[in-house]
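Novice: What shape does this take:
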Amino acid sequence: MNLGAFSVSLNVKNIEVSKSFYHKLGFEIIGGEESQNWLIMKNGDHIIGLFQGMFERNTLTFNPGWDQNANTLNSFTDVREIQRILKEKGVKIETEADSSTTGPASVIIIDPDGNPILIDQHV
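Specialist: Just a heads-up that it's a prediction; the model follows:
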């Protein structure tokens, strides 16, 4: 089971201040919309998302169907298949993807320490 590209989605208090801070660490904006309070930033293979007022907690994020440059992969494990496998393994699904659909969908699970994990498929 390949979960896709990995990033950390950070719940930030002030998107402009956070953008400036991570820029000083060498991160460059590769996506998002600051006027909507979210940005995606990258430094090498490392990706962070800055989200003001969208998430309650910092979140581990995986994107099935994407590589670390947000390029669509020819072959990947669909989020609904990942959901099915996780359920079979006894993992509690907090937010489920509709298994009768195709294309973009997401699943949220919580790790044993309360950290949210978002599996967010965009293709």
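Novice: how about Phe51, what does it touch?
Specialist: 9-12, 37-38 (C-beta atoms under 8 Å, 6 or more residues apart in numbering). Backbone N, C-alpha and C define where each C-beta goes, glycine included.
Novice: Counting neighbours, which of those residues comes out on top?
Specialist: Of all the contacts of Phe51, the highest neighbour tally under other C-beta atoms under 10 Å goes to Val12, namely 24 neighbours.
Novice: Enumerate the beta-bridge partners assigned to the most centrally placed residue in the chain.
Specialist: Central residue of the chain (C-alpha atoms, centre = their mean): Thr61, 2.9 Å from the mean position. Per DSSP bridges, the residues bridged to Thr61 are Ser7, Leu118.
Novice: Mind pulling up the pLDDT for it?
Specialist: Per-residue confidence (pLDDT) for Thr61: 97.
Novice: out of the contacts of Phe51, who's nearest Asn2?
Specialist: Ser9 (19.4 Å; C-beta to C-beta).
Novice: Need the three-state assignment for that closest one.
Specialist: Using DSSP: H, G, I helix; E, B strand; the rest coil as the criterion, the local structure at Ser9 reads strand.
Novice: Arg80 too?
Specialist: Under three-state DSSP, Arg80 comes out as helix.
Novice: what's the answer for Ile85, then?
Specialist: Per three-state DSSP, the secondary structure class of Ile85 is helix.
Novice: what sits against the residue lying closest to it once chain neighbours are set aside?
Specialist: Residue nearest to Ile85 in three dimensions, not counting chain neighbours: Met1, with 5.5 Å by C-beta to C-beta, 6 or more residues apart in numbering. Residues in contact with Met1 (C-beta under 8 Å, 6+ apart) are 77, 81-82, 85.
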